[in-house]
Each structure stands twice: as C-alpha cells, then as structure tokens.
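Enquirer: This is a predicted model, with the sequence first.
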Number of protein chains: 6
Amino acid sequence: MSELVTFGESMLRLSPPGHERLENATELEVHAGGAESNVAIAAQRFGTESTWLSKVPETPLGRRVVGELRQHGIETDVVWSHRGRQGTYYLEQGGSPRGTNVIYDRADSAITTASASEFNLDLIQNAQVFFTSGITPALSESLRDATANLLKAARQGGTTTAVDFNYRRKLWSPEEAESTMTRLFPGIDILVIAARDARAVLGFEGDPRQLAHKLGSQYNFTTVVVTRGDEGAIGWHDSVVHDQAAYETDTADAIGTGDAFTGAFIARRLDGDDVPTALEYAAATAALKRTIPGDAALVTEEEVEEVVSERGEDISR
Amino acid sequence: MSELVTFGESMLRLSPPGHERLENATELEVHAGGAESNVAIAAQRFGTESTWLSKVPETPLGRRVVGELRQHGIETDVVWSHRGRQGTYYLEQGGSPRGTNVIYDRADSAITTASASEFNLDLIQNAQVFFTSGITPALSESLRDATANLLKAARQGGTTTAVDFNYRRKLWSPEEAESTMTRLFPGIDILVIAARDARAVLGFEGDPRQLAHKLGSQYNFTTVVVTRGDEGAIGWHDSVVHDQAAYETDTADAIGTGDAFTGAFIARRLDGDDVPTALEYAAATAALKRTIPGDAALVTEEEVEEVVSERGEDISR
Amino acid sequence: MSELVTFGESMLRLSPPGHERLENATELEVHAGGAESNVAIAAQRFGTESTWLSKVPETPLGRRVVGELRQHGIETDVVWSHRGRQGTYYLEQGGSPRGTNVIYDRADSAITTASASEFNLDLIQNAQVFFTSGITPALSESLRDATANLLKAARQGGTTTAVDFNYRRKLWSPEEAESTMTRLFPGIDILVIAARDARAVLGFEGDPRQLAHKLGSQYNFTTVVVTRGDEGAIGWHDSVVHDQAAYETDTADAIGTGDAFTGAFIARRLDGDDVPTALEYAAATAALKRTIPGDAALVTEEEVEEVVSERGEDISR
Amino acid sequence: MSELVTFGESMLRLSPPGHERLENATELEVHAGGAESNVAIAAQRFGTESTWLSKVPETPLGRRVVGELRQHGIETDVVWSHRGRQGTYYLEQGGSPRGTNVIYDRADSAITTASASEFNLDLIQNAQVFFTSGITPALSESLRDATANLLKAARQGGTTTAVDFNYRRKLWSPEEAESTMTRLFPGIDILVIAARDARAVLGFEGDPRQLAHKLGSQYNFTTVVVTRGDEGAIGWHDSVVHDQAAYETDTADAIGTGDAFTGAFIARRLDGDDVPTALEYAAATAALKRTIPGDAALVTEEEVEEVVSERGEDISR
Amino acid sequence: MSELVTFGESMLRLSPPGHERLENATELEVHAGGAESNVAIAAQRFGTESTWLSKVPETPLGRRVVGELRQHGIETDVVWSHRGRQGTYYLEQGGSPRGTNVIYDRADSAITTASASEFNLDLIQNAQVFFTSGITPALSESLRDATANLLKAARQGGTTTAVDFNYRRKLWSPEEAESTMTRLFPGIDILVIAARDARAVLGFEGDPRQLAHKLGSQYNFTTVVVTRGDEGAIGWHDSVVHDQAAYETDTADAIGTGDAFTGAFIARRLDGDDVPTALEYAAATAALKRTIPGDAALVTEEEVEEVVSERGEDISR
Amino acid sequence: MSELVTFGESMLRLSPPGHERLENATELEVHAGGAESNVAIAAQRFGTESTWLSKVPETPLGRRVVGELRQHGIETDVVWSHRGRQGTYYLEQGGSPRGTNVIYDRADSAITTASASEFNLDLIQNAQVFFTSGITPALSESLRDATANLLKAARQGGTTTAVDFNYRRKLWSPEEAESTMTRLFPGIDILVIAARDARAVLGFEGDPRQLAHKLGSQYNFTTVVVTRGDEGAIGWHDSVVHDQAAYETDTADAIGTGDAFTGAFIARRLDGDDVPTALEYAAATAALKRTIPGDAALVTEEEVEEVVSERGEDISR
Ligand SMILES: [Ca+2]
Ligand SMILES: [Ca+2]
Ligand SMILES: [Ca+2]
Ligand SMILES: [Ca+2]
Ligand SMILES: [Ca+2]
Ligand SMILES: [Ca+2]
Ligand SMILES: [Ca+2]
Ligand SMILES: [Ca+2]
Ligand SMILES: [Ca+2]
Ligand SMILES: [Ca+2]
Ligand SMILES: [Ca+2]
Ligand SMILES: [Ca+2]
Ligand code: NI
Ligand code: NI
Ligand code: NI
Ligand code: NI
Ligand code: NI
Ligand code: NI
Ligand code: NI
Ligand code: NI
Ligand code: NI
Ligand code: NI
Ligand code: NI
Ligand code: NI
Ligand code: NI
Ligand code: NI
Ligand code: NI
Ligand code: NI
Ligand code: NI
Ligand code: NI
C-alpha cells in the first residue's frame, strides 16, 4: 500500500536545448512533469511509497508520460482514456533579464473529463497522505468537483490531506482561484503556499511569518508552509513559526523546485521528523533539484543529507 | 504579385530522431508542414512566386511555423490570432512492417476560426492559381465556408483553382468528406486525388485511367491527376489520359511526397509545360522529396532536371 | 500477482549513434537490455503481467537499468547489492559486410554473486510461467546453482518453466554450455533454441524440423521452438511440427529480435492461443522489434495484429 | 516599402556546442550572422519593416544564409552571384579567463566583388534609414567604393544614414580603418562607435562623454552613440549627452550584442522615441540578446518592455 | 622509418547529419579527409607504418585536421604555415535519385603554396612507397611543381611511386588534367585510375581490361589498377590482367571508398601479397569502408579477413 | 627522444551531457583521460615532447583511448594486451550544492597486470623527466612494484622523477596510500601534493607553506608543490617558499585541473623557468583547463601567456 497518493495531471514537457528560443528551435527535449507527480517522485526518493493517480490518453504520448514517471520509481494508477488529449507544455529556459517562459498547451486534456468515481478510493483511504495542488481544480469544472470529492474521501478515510496552492495566472484568474480554493480549505490539513499567492490571490498582508500564522489560524490548517523562492520558507505548526533559509544553487532547471520541497517535506514528516527538520531536508532537496534538468528531483537521501550536513565534496572520487 | 496562392494550415511537426518511438522519445525534431504550404514551397523551387495564406496564433510556436516557411522562400500572408492553438502533429517514422504513424494534435487551432473575410482576396484574384486541399474544410465548419468562399472569389477573379482531395481518415469520415468535397467540385479546375480516395471515399470504380476519366467528365474539371503512390500517376486533360511512372527512391522521409508532386505540377504548368512534361517533373520532384527530411521539397530546378534527364552522378565532386 | 516471472541480468547497453565505430565514438547512446528483461517486456505488451528478478548494484548505473525497465511497463523485483558492478555491453551496429559487434564488459557484475535464496520464491511459484535463458548460468558458478534452484522451485510450485538456450560464444565454450544446459533440461517445459546452437553446441543433426523433433523427444520437453533467423521458426508440440515464416523487415536494430519472439510466444500461449497462432504473433512481434532502436520490443498488440492480418498502412493519418 | 535598409555581408557562423574547442570539435552549430543583417533583424522586432541588401553566392550555403535571415522576418534583396565564396566564421565561445575567439574565413566572398550599381537604389532612397557598418568597407576595395556610393545615394534620396564603426583588427589595420572611415564621415548622420575604437583607431581622448561630444562636433553628425560594453552607452544629440547604463545579464552568447543595441535604437527613433528613451530600449534589447544563442536578437517588443519596466517574472506560467 | 609516405591535402569535412540538406542545416558533423591521408590510414590498418606529408595552417582548424589523422594512427609530418586557409569541403549525403554532393571550399589553402623543398625528402627516399593523387597537382601551380619534384625525389631514392589519378571536375578541366598527369606518368610505378577517367580524361577506349592493358603498356607502369565502382576492379601487372569483383554493401558513407581500396592494395603488396590477393583485400577493405561514417577506413585486418573468407557473423556475441 | 615520459592508466570517460544525471541519461559523451596522460598533454602544449606509457587492451575501446591521446599530440608507447579490460569512469558534472561525482569502473583493467619489464626503459632513461602519480600504485599489487621499478630505472638513468600524490579515497585507504607512497618518496625529486592529502593521508599539520617546507625537508625532495584548489599553490624549492594565487574561472569542467597545472609546471621548468614563473604559467594553464570540456588542457602557449599578462580580449575578432 502506498503511503502517499497524489492526484493531478502530468504533462509532456517540450523544451529547446540550453537557452534556445522556441521561435527557431529545431529540436525539443522531452520530459514528463506536473506538480503532483513531481511531489510523488520527490517523496519516493526518501523511501516513501508513492502512487500517482491520473487520467491519461491511451496513446504513445500518454504512455510516454506514464513510462517516465514509472522510470523515476513511483507507482502509477491511471485511467486510460479514449477521449481527451495529452496535456503539453512548452518550456523556454531564460536567464536574466529574460525570464523562463511556460506555454501551456493543455486545454481539453484527458484529465479534464475525470470524476472522482473513476478512481480507486481505497488507495487514497489506505494511504497516510493524499496530495493535490491548486492546478488540478483550475483545469476544468469536472476537476473542481473531482478534487473536492477526493479530498473528502481522504478525510473520511482518515488520510491526511496536503495541498500546494500553486496559483497559475495562465490557467485562471485570482478571483476564480480564491473562490475555488478557499472552498476546499476546510478539507485540507497541510497547506503549502507562496507568499506571493497569499498576498495577490488571497489578499493577506504582512511578512511571511504573519501570512503563515494568519492562514493557519483562519482556516484551521494543522500545518502551513509559506514559500518565498530564494529567500527560504516559513513553517507554521502548532502555532509555532519556523524559519528555513534557502540554499544557494547553480541553477540548471528551476522547474519543479517547489514540488521537490513539498515532496521532501511530506516524506520526512511521514518518517517522523519534526517540522524544522523536515523543512531543512525540504530546502536541501529543492536546492539539489535546481541542479538537475527536468521536473523531477532525482536525488538520493544521502545527497540530501550531505547538503544538510555540509559534508559534500566538490569532486567525489 | 504572387503567381500561386495557397490556403491552409501548416503544423508544427514533432518527430523522434531516426526510427525511435514516441513512447520513449527523449528528443523531438521540429519542422513546419502542411499540404498547402508544402505545395507553395515546391512550386517556389521552380521560380513560381508563391504566397501561403493562413491564420496563426501570435505565439512563439506560431512564429516558429511562419519563420520556417519564410526560410524556404515563400511569402506568407498571415492573420495573427489571439485565439486558437498552434496545430501540431507527432510523426513516427516507420519501416516495414511498421508503418509511419501520424498523431494529429490540431483540434481548436487558430485556423479553425478563420473566415474568408479575414483574407486579402485581391491577392487570390490577382494570382494565376489558387490552391487548397481537402484537409482545410475537414478542420472546422468555419473552414468549410471559408474554403468555399475563397474558391468562389478565385473563380470570380479569373484565377485557376486547384485542389488536392487529400482524404485524412483521422479528421473526418468518408461520408462527410464526400458530401463536402463534391459540393466544392464545381468551383475547381484542377483536381488531384489518390486512386484510393476516388474509390473509398467517392465510390468510383475502375483502373486509375478510368477513375481519371470518370472524374474529369462527371465534374467537368479541366485537369485531373490521379496519384498511385509508387505506381506513378495518371493525368487527364482535354479528355486525354497520360501515364507517368514513379521514380525509385531511397526514402528518408515520405511525408510531403504528394505535395511536392502537386507543387511541381502546378509550377511547370504555369511555366507552359504540357501535361505529360509537367507530370514528369512532378514525379521527379516527388522522388527527390523522399530523400529529404522534413515536409518541404528543398530541391533545385537543376536537380529535378538531372533526374528527368538521368544525368545525375552518384557523387558530384 | 505476475503471470510471467523472468530471471537474469539486464545490462547497460552503450552504442555509438548510427553506424559509427566505437574506436572513434564521441558519444554513446544508452539503453538497458538483457534477454530475460527483454522477454518480460515483450510479454507485457500483450497484457501479460510480468516481473523481472535480478540482483543489481545500488548505484546510479543500477538505477538507470531498473528505471528503464520500469518505464517499459514491467515490474522489477531486485536485490540491491553493495557488491559487484553493473554489467555493460558495447554495441556497434554493422551493415553488410560488416557485422554487428557486441563487446561484453560484464565480468564480476552484481548478479554473478546471486543465489536462489535471495529471491522471493513465492513470486515464481505463484506465476504461470518462469523464464530464464542460457546466458544466466554462463555468467558464474553461483548463477549455475541459482538457475538450477529457481527452475526447481518453479517446477515445485507448478509453474511452467521456459528457457531460451541462447548460446553466447563470448561467455563460455560449447562444451561448458552443453554440459550445464543439458543438466537443466529435465526441469524445463518449453525450450527455445537456435538451429545453429542445436547443431554446434548440442551436436544434433538434420533439418530444423528434425532438430525440433529430436530435442523434444529426447528431453521430454512439452514444447520446442527452433529459431532460424530470417528463415523463420519451427514449433514442436504434442509431437506435431509447425512451420512459421519470418516477416521481411527494414531493420533498424536487430538486438532483441529473438527475445521479442519468445516473449510474444509465451504471452499468446498464456492467453490461450494454440502453437501455430502463437508462433505467428511471435514472428510478427520479432519483425516489428527489428524496426525499433533498443533491445525492447516497444510494440502494441494492435500493431502486431496489423502485421499478422496485413492491414497496415504505409502512413497512418 | 522598407523603412530600414541595411547593406553588408552575412556569414555562415560555425561554432562547436557549449564551450568545446574547435581543435577537437566533432560537430558545429550553424547560424547566419553579420552586423548589418543583425541590425535589420533587431529593428524588425520593433515592427520596423527592414530589408537587407547583399551579394551572395548561388549555392546551398548562400541559400542557407538568406533562408535564416528570412526566417527571422526581414526582407532580403540579394544579388545572386556565380563568383565568390560564402563568407564564413568559426566561433569558439570562451569563458573567463579564456576569451571568445572568432576565426574569419571570409576572404574572396561573393560580396567582395559588389558595386553599388548592382543594387536597387530606389529601395534605399525610399527608406527612412540606410545602415551599414565599418566591416563592409574593410572587406575589399570594391566594397569601399560601394559603401561610399550607397551612402551617397541615400543622402541624395533624403534617407538618414547610420553607420556602426565596428573596427575589426582581424580585417584591417587601425590606419586603414581611420583613413577609410573618416572619409565616409561627412556622409553619415548617425554614428555608433565603441569608446575603445574612438581612442585606439581615431585617436580621440577623454571619457566617453567627451568622446561623443568631440566626435559629434568635429564631424557634424546629428547623433553619436558611444558604446562601452557592460558599462553602458552614451548618446550625443543636439549637443546634449545622455547616459545609459547596461543591464546585468546571464550571457549565453555575446555575439551580436552591439547590433541588437543599434537595431533597437534605430527602430525606436523611427517610432518617434527621444534619444534617452531609445537608448533605454536599445540597452534592454542588447541585454536580452545576450541570453539568446546565435547572432540574432530574437526578442519581442513586449519582452523588451518588461525589462525596461522591470515587470518580468522569473518563471512566467 | 615509415614504409609508406603520402603527400596531399586533408580537408575539414563538414556534413549535415543523415540525409539533411546544407540549405537548412542547423548542425554539421566534422571529419578530416583527403585522398592521400585516407590512403595512409587504410594502409596503416594493415600494419604498414605510414606518414602523411602536408602543409597546414597553424590554426585550431589546422590542428583539428592533423589531430584526427594522428588519432587514426598515422604519423604526420607537417609544415605549419602562417599563410593560407584550412581547405574545407561541405558534403551532403544523397540517396537515389539525389546524388551525394561535394562543395569544395578549398581555394587558397595553405598547401597551395607548398614547394618540394619544404619537405623532408629523406623520409620519402627511405620509404618503400611514395603516394600522391591527381588532386594534389590540381590545386595550384606550385603544387604541380611540388608533385613532380617529390615523385622525382622518390624515384631517385629508389622508392616505388604510386598515384591515384582521381580526376575531379570541380577542380580542373579534363584537358588540364590530361596534360599535367601524363607529364607525371613516366615517374609513376603504380597507377590507380577509374575506368571513367581513363575514357573521359585520357581518351582511352575499350573495356576495363583493355584500358588497363593499354595504359600499362603505353606508359610503362609496373602496375595499373582500373576501378569500376560497384562493378569491381581490374589489376594489370606483368602484362597479366586480374579481375576483382566488388562486395555488396549497406553503404553508410561512400566517400573514401577508392582510397580505402588503394591503401589496402599498397599495404598488402608491401606485405608480399601477389596482385590478385592484394586486390581481394583491397575490395574487402573498400566494402567495409562504405559501412563506416567519415573518410577513413577504420577497419581491422581481422575484419577484412572475415570478409575475404566469408566467416563473418551477423551479430558477433 | 621524448623530454617527458609519463606512466599510468588513461580511462574511457563517460559523462551525460550538461548537468544530466547518470540515473536517467540517454546518451553519454566519451573522452579519454587519466592523470598521467593529462600531464603529458599539458606539457606537450608548451612544446615539450611527451610520451605516455601504458598497457591497454587490444580492443576498440583501447584504441579509442590511445587514439584520442594521439589526437592531442603526444606520443604513446603502449603494451597492447589480450588480458584485462579498458578502465572506465562515469562522470556526473554537478553544480552547487550537488558535487561532481566520479564512479570508477576500472577494476581488472589491462594495466593492473603490468610489470616494469614490459616497458622500454631506454625511453625513460633518455628523457629529462619521468612522471607518474599516486593513482598508479593504487590500482594493483603488480602496479605497486612496476611504479617502484620504473622510478628506480629513471633515477638510475639520471632522469628527474616527478610524482603527483593524487590520493583517491575510492581506490584505497589513507593507511595503504601512506605506507605505499612514503616508501616511494626517496626515489622522487619533485612532489606535487594537495594540502588536504598532506594532512589527511600523511598526517602533516600547519598552513600550506609549512606543509611544503616540512615535506621537502623531511623527504629530501628537490621541489614540493602544495596545491590548494581555488586558493592557489605553494612551491618549495631550495628551501624557499613561493606563493601562487589561482585565477578566477568560469568552470565548464573541473576534471584535470591539477594535471594541467602539473604538466605546465614541468614543461616550463624544463624550458628553464624559475619556480615562481613556472607556477604562474601552471596556474594560468589550470585556469584555462577549467573552461574546456574533457580531461585534456587543450590550450596554446599564446593563450596561457595572455592570461599571465592579462592581455586577453573578451571577444577576439
Ligand atoms: Ca536557426
Ligand atoms: Ca539534431
Ligand atoms: Ca536534456
Ligand atoms: Ca530509453
Ligand atoms: Ca552531441
Ligand atoms: Ca571534445
Ligand atoms: Ca528548418
Ligand atoms: Ca544540437
Ligand atoms: Ca572522428
Ligand atoms: Ca527521461
Ligand atoms: Ca541525441
Ligand atoms: Ca575527441
Ligand atoms: Ni545556462
Ligand atoms: Ni532529461
Ligand atoms: Ni532508416
Ligand atoms: Ni534527456
Ligand atoms: Ni532536423
Ligand atoms: Ni530538418
Ligand atoms: Ni569529445
Ligand atoms: Ni536514443
Ligand atoms: Ni533509445
Ligand atoms: Ni556557458
Ligand atoms: Ni555527433
Ligand atoms: Ni542551434
Ligand atoms: Ni541556433
Ligand atoms: Ni541513410
Ligand atoms: Ni558522425
Ligand atoms: Ni565521425
Ligand atoms: Ni553548467
Ligand atoms: Ni568533448
């Protein structure tokens, strides 16, 4: 039985090599990625048995995505669909002052037609944590219902629920996001949210510590993690606030940083770490992720520990 | 002023290198291609000034497609759209007994919202030939109207109309194709059609010579070309039937063979060739196309002449 | 529970692109492959739940191999080892008159230290078929015992045993192979063997039909398949001999052809096909494999059926 | 009609991937680039209709260069030549303390035989700006005359003339450059020049503001831009000096930075910007160029505006 | 001391991958190649100590060429020059009916300024065979003298002289070739010539056996080899004519086939083989070359023997 | 005759492109590298005739390694072996906080069976310097003897002996290294050692200047160089200590930095430089090496001088 079950879409990611532009690309590198599968992979690296639930088209592209996730070690429990496309995103890696650009091409993907009844609820109810993100309900009306129903099922099964707020302005407006997400909040135990989203979407004010505290108190979360990019993260738990700095990195690929953080945090909490320790491992995992091409945090627990303990060598030989 | 104007969609073509499968591809080669732009490119190689009309999303992907077509030398006159996707197709090159596989991912592309009024009709009416294919009306209701209206405008301007029947079973049923296309037939001067489509979609019977003759007489085309893959083609014109054999090739990429044929045929007819001569150049262009990766027939007139005249060397140095 | 369990080594396969020589290669393509995992993958494509058992070093290279096998859809049940290397082979694709060349670099790999007691015998005893090949006992003394003991366990569990003779002259002498393999024969139900090996290693004589019959009768196999490369295969079962021709192919990668054949044959027999039908699907799967780069037969059941029924198109669109 | 017409050579640029050395390169990336086509491309990105004039060999290499420039959106009006080579340069990207190295292989290129009479002077005389650089007259005696004559024609047509001094020590000596270029100065309205060249080639002294002022006054230019690499630029116009800082960048490819600056400056001035605003957009375009592989500034006006307004996101999604 | 010394130019060879066209190539594969270095490499594979003499620019490109030749095992004795370019050729691999196309870009290369006095004549005079080809005197007047003088020096030193006629129509006219080459004939012991060149350049008539005999008798060569592409070769020696068939091949790269033939022939003659045996090894080496990308015949003596003896396996493992 | 002779293993280096992980690599870049061949290559760049001695398997992989070293300009004098593998290492380039990781796969390589009697001692005894490193005796018992015997032979021939301590914890323990290496110390003239190794393996204490002095005095070396990574190096000679700072670099590949330093130091000392000057060139060579992919310091003497003199340009054109 899986300890962690996640639900969401994983896309085919198409990106020109290096810093090339899409506009004149002659080849694209292919990866699979999506917030919920990224979180499952990161957690699996710490030995947490993880399963990703989704609905995927029964095509070579659908198999391409599922195959890569399986390669990375997680289990996949997928509704194979004859309707709907494989969701895709084009990624152009930037470099200051040119930002990294994501072009979504995911409308009408197979998962947008999913309903909770298509999935194996036992799997969720027997897991210790169920995770999804704010991207999933943003994709379709059907998925708004499915997300609510799966969170409900988890709660009924005594499974801890964790959600990354993950606001994406290219998917929906702040207003839509706020109204949908706050309706889900009562069913959520652990919330991860960017300080930026807490402010711009939910309208909270204050420094990140205050954001965490306000969110936690107002919505009765057991745990809130407020992320701040390269300024670190804040963990709020049992009304205590913990500060976690970010590690400096040579960034090869920033996509998936937050998911690596969240997956590691969940895995370490499941393993019994207290919040400050879990945040430290989460920050180290996120830092390592940034050195690795692709969405997935292909790290080992030993590597994370070397970062945390500062025992790493420049060249290990 | 362009001598040839074509109208249709050009897609982003994504294909794994060599004979790799999409299912485990880690990179995709990128090209632009679509029947009508392929025809324009082939014609341009013979010095025919050619313009491609289309509606394209104002995104890096849309610019990618238009840029490559411009690179190949044709003019583009494009409605830049803020609605609709860039149409895409995934291509997996086969090898006997595995066929080459096309996966369309082109639903809801920008061009599906196009209407004739968005385009510069003067350009069409001042050209000598206007070309489109049966793929265009297959894409949306709006495009069925647009195709009919643009053919009508061409006829009104005294511009010769040419259409490749190009039935695609992954886009529509034989019944839909038959009813839509036969309604367009009265407005068409030159019809190119595969013998297979004449039989399976239009229900004609007989050998290819008979197909050409029946089609030409029944619908009053000035010219009918019936293509037969590696068995060559039949040209019907002024009630005379001309046989053209196909050249043997080392095939690197079969996509676009028919478009190369049609583009060369039109260009040579515009240059004053009689039908048998134009068919010979068309067959040679199609053969050369098969040796070239990508949809486009990147040949020179000299190379085509060397094939026709059998003066080529194995290694030219 | 898996229907098919296979046991053996899967190697890291390193090959220069195209027809480049190792001697001046500047890059190598990486795949995972080995007879027993190849067989499991081919069987899985027909819906046969398949698990590969092995012993693998706990290193990035070991994870690389296991990850790719999981990507291809099979389950892996692996003893992670801190001793022994990851077995490797260098592959140089030839082209007439230059043969394809395999350079094994697999001595002292982790699996060479394996013993039967390290594996989950229940998995084997609950499966319907247990498969290994003559390569496994060729790798070490320890593996000779392990192979014998796992076959014995399968027999005791009522699991059908299947073995591909797979003689490799770069691993052991004909004499060693003969003496080891014939000692295993009494525990084997289904034997697959190349006509060449039946002659040169086992000393049998006659045409392939005779070889199949002599082998089957002498060693009391329930089924014998004698393979003959591009001349097809012979199936012997219930004292009846069935001829199966090979399909013509455009070969992109010949490695794994025999494994594709065997995996498909086992899968179709498990699905209830009679021997001639299973041979036909096996031959079609082998033909498709040859069009696909890498060891694995990444086919679909539908594609195999199109080959068998000759319903395939040159370009499907 | 084009608003901007540029004249010069565009070369085939051959560079090993990443930071590889030419000395042991096994592959070279191919781009087209030259100061004058780079300027035209940069200006076109701001909606300035731009045409590049040149003389190019009628070979696949010549077509390769022209095709890429057309792909980037500019018009090309080219004399196709049967004499002369395609100019080439080899580029080795450095990294501190190893400098980036350019090896010119452009002697006897087709353009070295060009004379003004081969080009369409109407195109120049109907444009608003005519641009060339100090590289063009450095290439041959014939081009010294052609440059002078085209500048003269522009002036006669009332077209503003703009020249980037662009001293290249691998093409000619400082003495040759000084004597040739100062003879052209009276026909030039807008001069762009590196502070380094103003000092080392023209013998001016003082800080960059003084250089701009001395140059402008002495030669009666309407506008002088003195560039200073990562220290920014100085614009002198109507006897007023404007300072423009450079933006910090993650540099992927420094080639073409100055051309991006100049093209954007011209385009924005044509659009009605005052000098300080045009300098700001020029600096932002130059910064974005450095993040993009290849000579060409493949930016959008929106991206430039985001840099100028500091509204960009690290990841846009 | 080297047994074989060759003299000529080796070029940087730039070719798009696969069957791509130069016209839209985005990358080029880099190799070094030239008839005389190709011959030296082929001979070296049979254990013949071989040195290549040339004049090369002291640039990264010059070092690139010399480095690759050294990598392939031959010695290089090179005049490093500060004048002249690195000769280059662009190669586009064809496929029927599109021929393979060579675009020379080698004018004014460093070697065109070479004179015999720049080279170490002792090396030639102490070798057993001195080899050059008809390409060398085609490159410049200076090289016509140098070729004549080095052949003279060889003869004076008692070194056997061997020349491949190698007519290249893109370098000189048949008339120039005939007059220059026939003046060199008296100093040549072994002549290799294509039947096509014997007819079209030298005006001989008859079947290949007659060509060999007429050439040998008229010019008093000790040995004449007339090559006929895929129809094999004729060896004339001691007034006896020997026929050698060509082997069938899967051709990956036809460039260098003749040089592989000649290098092997010389090496085997040096090792004491009679003419028919040397021709057989030469034909097998040429066949293997065609399966190998690049100009160089990277074969082993064992592989050649397997072809000659027909003992090769499809897959060796 | 070579001025510098080095002895050791050069491995096949296999590394994923960019910052990819081995765990999911689909291609590996191939290089040859090993401390002693790296040192020979660096010295050769300064005009020091250098030969590398080794024992290498007679396989395509062995030829791959030797070929690349020859390409880089050094001589190779190799015992071709029918026993033993080609040593290999897998290299994963890191990026902070992920370290660069080396996975050795070199057990039982051909060189591990080498003895001093297999090599040409004359070559060593006629050279000016003989070099090996602490890696060589770490590889096998046989190589411990061979190293001792070759150092002895060098001493007897009056050849200066130089050794880089090069402790590798993945090859042997500090205790084994200390006992073996200190036994070799009396036969060594020039010792290069990392400060880290002097402390952790040899148990010395103090700052790097003190380490150099203590080592030099205690073991009677003529010269000691203590390296300190990006903090520079210390040279001890004639009881005087010289400080050398490291140059700042954009590091593309850190492997081989120390070998570049040592090779340059030896070459410049052979050319007559005093110790501080040789250290300066060594530091500049090491800095340039870090900008170059692969193990080898493919620099020119001119480039090194530009770094030392700070005369380099950002872009040289
Ligand atoms: Ca491009
Ligand atoms: Ca490519
Ligand atoms: Ca990648
Ligand atoms: Ca794979
Ligand atoms: Ca590469
Ligand atoms: Ca390299
Ligand atoms: Ca292209
Ligand atoms: Ca590339
Ligand atoms: Ca090479
Ligand atoms: Ca992958
Ligand atoms: Ca690749
Ligand atoms: Ca190399
Ligand atoms: Ni980068
Ligand atoms: Ni990747
Ligand atoms: Ni192929
Ligand atoms: Ni990848
Ligand atoms: Ni391509
Ligand atoms: Ni292409
Ligand atoms: Ni390399
Ligand atoms: Ni691959
Ligand atoms: Ni592959
Ligand atoms: Ni870089
Ligand atoms: Ni390559
Ligand atoms: Ni590129
Ligand atoms: Ni590019
Ligand atoms: Ni091919
Ligand atoms: Ni290659
Ligand atoms: Ni190559
Ligand atoms: Ni990097
Ligand atoms: Ni490299």
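Expert: That came in fine, so what should we check first? Ligands and ions are numbered 1, 2, ... in the order given.
Enquirer: A:Pro60: what's it in contact with?
Expert: B:Arg21, B:Leu22, B:Glu23, B:Tyr90, B:Glu92, B:Asn101, B:Ile103 (C-beta atoms under 8 Å, 6 or more residues apart in numbering or on different chains). The C-beta positions use only the backbone N, C-alpha and C, and glycine is treated the same way.
Enquirer: just for chain A, where's the confidence low?
Expert: Filtered on pLDDT under 70, chain A yields no residues whatsoever.
Enquirer: Please enumerate the strands of it.
Expert: A:4-7, A:11-15, A:27-33, A:50-57, A:75-81, A:88-92, A:100-105, A:129-133, A:160-164, A:190-194, A:223-227, A:233-237, A:240-244, A:315-316 (DSSP state E).
Enquirer: Let's have the ones you listed in CSV, adding mean neighbour count and distance to B:Asp274.
Expert: Formatted as CSV, the strands of chain A follow (neighbours: other C-beta atoms under 10 Å in any protein chain shown; distance: least, C-beta to C-beta, whole Å):
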stretch, mean neighbour count, distance to B:Asp274
strand A:4-7, 30, 66
strand A:11-15, 26, 47
strand A:27-33, 22, 44
strand A:50-57, 26, 50
strand A:75-81, 18, 54
strand A:88-92, 22, 48
strand A:100-105, 19, 47
strand A:129-133, 27, 66
strand A:160-164, 25, 69
strand A:190-194, 25, 70
strand A:223-227, 26, 73
strand A:233-237, 24, 77
strand A:240-244, 17, 80
strand A:315-316, 15, 73
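Enquirer: out of those, nearest to chain D?
Expert: strand A:100-105 (3.7 Å; C-beta to the nearest C-beta).
Enquirer: For the closest one, which helices and strands make contact with it?
Expert: Here strand A:100-105 touches strand A:88-92, helix B:60-71, strand D:315-316, going by 3 or more C-beta pairs under 8 Å, 6 or more residues apart in numbering or on different chains; DSSP states H and E.
Enquirer: So which of these is nearest ligand 25?
Expert: helix B:60-71 (12.1 Å; C-beta to the ion).
Enquirer: ok so, going back, quick one, which of the helices and strands packed on strand A:100-105 gets closest to E:Glu305.
Expert: Of all those, it is helix B:60-71 that lies closest to E:Glu305, at 49.5 Å by C-beta to C-beta.
Enquirer: hmm, that closest one touching ligand 25?
Expert: No. Contact of helix B:60-71 with ligand 25 (C-beta under 5 Å from the ion) is absent, the minimum separation being 12.1 Å.
Enquirer: Could you pick out the residues of the stretch 201-317 of chain A near chain F for me?
Expert: A:247-252, A:284, A:287-288, A:291-294, A:298, A:303, A:306-307, A:312-317 (C-beta under 8 Å from any C-beta of the partner chain).
Enquirer: on that earlier part again, possible to save the strands of chain A as JSON lines with distance to B:Met11?
Expert: Below are the strands of chain A laid out as JSON lines (distance: least, C-beta to C-beta, whole Å):
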{"stretch": "strand A:4-7", "distance to B:Met11": "32"}
{"stretch": "strand A:11-15", "distance to B:Met11": "14"}
{"stretch": "strand A:27-33", "distance to B:Met11": "14"}
{"stretch": "strand A:50-57", "distance to B:Met11": "19"}
{"stretch": "strand A:75-81", "distance to B:Met11": "23"}
{"stretch": "strand A:88-92", "distance to B:Met11": "14"}
{"stretch": "strand A:100-105", "distance to B:Met11": "13"}
{"stretch": "strand A:129-133", "distance to B:Met11": "32"}
{"stretch": "strand A:160-164", "distance to B:Met11": "35"}
{"stretch": "strand A:190-194", "distance to B:Met11": "36"}
{"stretch": "strand A:223-227", "distance to B:Met11": "39"}
{"stretch": "strand A:233-237", "distance to B:Met11": "43"}
{"stretch": "strand A:240-244", "distance to B:Met11": "47"}
{"stretch": "strand A:315-316", "distance to B:Met11": "46"}
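Enquirer: right, and those strands - which one's nearest ligand 27?
Expert: strand A:27-33 (16.6 Å).
Enquirer: ok, the residue nearest to A:Tyr281 when sequence neighbours are not counted - contacts?
Expert: With sequence-adjacent residues excluded and distances taken as C-beta to C-beta, 6 or more residues apart in numbering or on different chains, A:Tyr281 is closest to A:Arg268, at 4.7 Å. Going by C-beta under 8 Å, 6+ apart, A:Arg268 touches A:Phe46, A:Thr277, A:Ala278, A:Tyr281, A:Ala282.
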